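J.: Quick one: sequence plus predicted model below, questions after.
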Amino acid sequence: MKIYNTLTRKKEKFKAIHPGQITMYVCGPTVYNYIHIGNARSVIAFDTIRRYFEYKGYKVKYVSNFTDVDDKMINEARAEGTTVPKLADRFIKAYLEDTNALNVEKATLHPRATHEIKSIITFIQKLIDKGYAYEVDGDVYYRAKKFAHYGELSDQNIAQLEEGASKHINDEEQQRKEDPIDFALWKAQKEPDEIAWESPWGKGRPGWHIECSVMSTKYLGDTIDIHGGGQDLEFPHHENEIAQSEAATGKKFVNYWMHNGFVTVGKDQEKMSKSLHNFVTVHDILKRVDPQVLRFFMASVQYRRQINYSEENLKQAEIILNRFKNTLTSIDYRLADDTESAASAELKQAVQETQKHFEAAMDDDFNVQNALTAIYDVLPVVNANANLSKVDKGELKHFKELLNSWLSIFGIDTKKLTAKVTSPDNEKINTLIKMRDEARKNKNWAASDQIRDRLKRMGITIQDTPQGTRWTRDEN
RNA sequence: GGCGGUGUAGCCAAGUGGUAAGGCAGAGGUCUGCAAAACCUUAAUCGUCGGUUCGAGUCCGACCCCCGCCUCCA
């Protein structure tokens, strides 16, 4: 299995620290708003990766944090006249609802920065003791240049970083810092009503980057297998995490750094982001789009590539899901009917090949496009087989199980896809179909078509096959 | 300016140097009473220019377009 490592800018053979187990940390959102499609992309990308590891038999420890205190949180809470913790609670709840709707597996742990203040203070103190950090009037800064590997992840050189940073910070900050690229580990309280905790350096709150170093090492260990996040976190966030963690522990922080590509929008394909105000929240879009369609759309692009968010592309995802649905439905009908089973070497071999191709593609840095292609290639074979008067029922069943597990890597629940929800009108549907079959027998096409139209209005599509009339619900 | 990514048919997109996978849409056909679904057939010389090579989308050079990071952002 190969994974592209941002640190080395190469695909590397994946080797877990502990065989059969994987430790994964994924940077989560700042919870001052609903998550948008771009945030969801990251969540979905790493959920898909996690699910594939699990498919391969790994046990995955998956930690994803909530940043529940920072300037944006403080400002938003003020604007709404609420407190930072209340604001956080509200949007953490919304996050869990949204990601649950997108069928994202629950993290092993969702630590919150504000619940880790003690550990954060201890960690910062360690950095001060080791000479990697210094305090100035209640603020604590990290001495970036002291860390020899600073800039390696994002491939930036120190001089240029200094030049860039000096343009962005004000004189007052410039004077406090030893160097413009030094970054805050601890920020002193500025207003009396501002949320703050006691510390050896006075009242204040943690800086942004420190929480991830603390939570990752605390819950997953000094060195972990995989650390993920959006490409925009490469610098400075992840660069700083490496500096903090490796300075504190003296060990390698992360073996494989993985960064997902952005969601872009519009004909200019601009990055979707909160600051550009071109975002769509998951909360809103799910009011009109089937969560499975959104999930499949986002999961079907390889995690490093950009996703161009558009109605047309969303529509395409829906059509493909429908093909899966049709195939699975026709398999279900064939498995349930009383026709004889007949072994098919052709089908068996095609299914075997598909599995091989699917896994080879996923093993290659999660190349989901090629993995899906493997499935698209076998669908015509399966569909054609499912139309035969005698089918290989054992092999069809086997394929169905495989397809279920493959699609579940993409976050698709095939049960939901094909559910013939038991509802009060099931009996009515079957009665109508019987009536129609009767009409067809008598070649009473007008009556037959009338019943079909009526069923269509109920959201039921019917298909006539040699094995009898089938029906599916249009919406799941 | 520095770093990184990207440019393949209307759209999505795969492509270890050897005569361009696949999907969607479109067109034609088979099946069907008609449909639906399914199945079959069907399209591009790969941003531009030059180089290396028997041979390049695939390597080298130059250039152009777009996107991102370098400041909060998945």
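T.: On my side now, so go ahead. The model shown is predicted, which means the values in this text are computed figures rather than measured ones.
J.: For RNA strand B, what is the nearest residue in the stretch 151-300 of chain A?
T.: residue A:230 (1.8 Å; Cβ to the nearest atom of the strand). (C-beta placed from N, C-alpha, C; glycine too.)
J.: Apart from its neighbours in sequence, what residue is nearest that residue?
T.: residue A:42 (5.0 Å; Cβ to Cβ, 6 or more residues apart in numbering).
J.: For the helix or strand containing the one you found, give the mean pLDDT please.
T.: Assigned by DSSP states H and E, residue A:42 belongs to helix A:37-55. For helix A:37-55, the mean per-residue pLDDT is 96.
J.: residues contacting the one residue in the stretch 1-150 of chain A that gets nearest to RNA strand B?
T.: Residue nearest to RNA strand B within the stretch 1-150 of chain A (Cβ to the nearest atom of the strand): residue A:38, separated by 2.4 Å. Going by Cβ atoms under 8 Å, 6 or more residues apart in numbering, residue A:38 touches A:230, A:262-263, A:271-273, A:279.
J.: please redo it, this time with the cut-off set to 10 Å
T.: A:230, A:232, A:260, A:262-265, A:271-274, A:278-280, A:282, A:307, A:309 (Cβ atoms under 10 Å, 6 or more residues apart in numbering).
J.: Only whichever of those residues are buried, select them in ChimeraX.
T.: A single ChimeraX command is used to select the members of those judged buried by 16 or more other Cβ atoms under 10 Å:
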select /A:230,260,262,263,264,265,271,272,273,278,279,280,282,307,309
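J.: wait, doesn't residue A:164 sit right on residue A:181?
T.: Yes: with contact defined as Cβ atoms under 10 Å, residue A:164 counts as touching residue A:181 (8.5 Å).
J.: Compare neighbour counts for the two and give me the winner.
T.: Per other Cβ atoms under 10 Å, whichever of residue A:164 and residue A:181 has more neighbours is residue A:181, with 27 against 12.
J.: just checking, that one touches residue A:166?
T.: Yes: checked against Cβ under 10 Å, the pair residue A:181 and residue A:166 is within contact range at 8.6 Å.
J.: Going by neighbour count, which residues of the helix holding residue A:42 are buried?
T.: Neighbour-count burial for helix A:37-55 [16+ other Cβ under 10 Å]: A:37-54.
J.: Return the alpha-carbon coordinates of the helix or strand harbouring residue A:461 using PDB.
T.: Assigned by DSSP H and E, residue A:461 falls within strand A:460-465. Provided in PDB are the C-alpha atoms of strand A:460-465 (Å, rounded to 0.1, in the frame of the first residue of the first chain):
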ATOM      1  CA  ILE A 460     -43.100   4.100  -7.500                       C
ATOM      2  CA  THR A 461     -41.300   3.100 -10.800                       C
ATOM      3  CA  ILE A 462     -42.200  -0.300 -12.200                       C
ATOM      4  CA  GLN A 463     -40.300  -2.600 -14.500                       C
ATOM      5  CA  ASP A 464     -41.700  -5.500 -16.400                       C
ATOM      6  CA  THR A 465     -39.200  -8.400 -16.700                       C
END
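J.: Give me the contacts around that strand.
T.: Contacts for strand A:460-465 (Cβ under 10 Å, 6+ apart): A:326, A:329-330, A:333-334, A:337, A:386-387, A:420, A:425, A:428-429, A:432-433, A:436-437, A:440, A:448, A:451-452, A:454-456, A:469-474.
J.: RNA strand B next: which of the residues you listed are close?
T.: A:326, A:330, A:387, A:440, A:448, A:452 (Cβ under 7 Å from any atom of the strand).
J.: Counting neighbours, which of those comes out on top?
T.: The residue in these with the most neighbours, by other Cβ under 10 Å, is residue A:330 (22 neighbours).
J.: How is that one assigned, secondary-structure-wise?
T.: Three-state call for residue A:330 (DSSP: H, G, I helix; E, B strand; the rest coil): helix.
J.: isn't it right up against residue A:399?
T.: No: judged on Cβ under 10 Å, residue A:330 makes no contact with residue A:399 at a distance of 11.7 Å.
J.: Now do the shared contacts for these two.
T.: A:382, A:385-386.
J.: And those residues, which of them are buried?
T.: Buried among those by 16+ other Cβ under 10 Å: A:382, A:385-386.
J.: At which residues are the strands of the stretch 351-476 of chain A located?
T.: In the stretch 351-476 of chain A, the strands defined using DSSP state E, counting those that start in this stretch lie at A:460-465, A:468-473.
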